[in-house]
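Asks: Got a predicted structure here, sequence first:
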Amino acid sequence: MRLLPAPHPHIARCLGNIGLVHETKRDIDLALKCFFEEFEMEEQCLPPDHPNLGLHLDWIIT
């Protein structure tokens, strides 16, 4: 098994997917927590002009 270093884009994506599960279960507080963690991790490991940053920030505010 290979471990990914943190922060890593794949770990951030997993956090976003977990957030989607919480959103589906109508647990908005936990969903937002995951979405914020995803965004913060992506800010650390992606370039500032990466399209995922804008996309995921949009998910948080809508």
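Replies: Okay, I see it.

Asks: What separation do you get for residue 9 and residue 15?
Replies: 11 Å (Cβ to Cβ, to the nearest Å). In this view, the C-beta of every residue, glycine as well, is placed from N, C-alpha and C.

Asks: Give the residues shared as contacts by the two.
Replies: residue 41 (Cβ atoms under 8 Å, 6 or more residues apart in numbering).

Asks: The two - which one has more neighbours?
Replies: Taking other Cβ atoms under 10 Å, residue 9 and residue 15 do not tie; residue 15 has more neighbours (20 against 16).

Asks: Name the helix or strand for the more buried one, please.
Replies: For residue 15, the enclosing helix or strand under DSSP states H and E is helix 9-24.

Asks: can you give me the helices in the chain?
Replies: Taking DSSP state H, the helices of the chain run over residues 9-24, 28-45, 51-61.

Asks: looking just at contacts, which helices and strands does the helix holding residue 15 meet?
Replies: helix 28-45, helix 51-61 (3 or more Cβ pairs under 8 Å, 6 or more residues apart in numbering; DSSP states H and E).

Asks: try 7 Å
Replies: Judged by 3 or more Cβ pairs under 7 Å, 6 or more residues apart in numbering; DSSP states H and E, the packing partners of helix 9-24 are helix 28-45.

Asks: neighbouring contacts of the helix it packs on?
Replies: When contacts are defined by Cβ atoms under 7 Å, 6 or more residues apart in numbering, helix 28-45 is touched by residues 7-9, 11-12, 15-16, 18-19, 22-23, 52-53, 56-57, 59-60.
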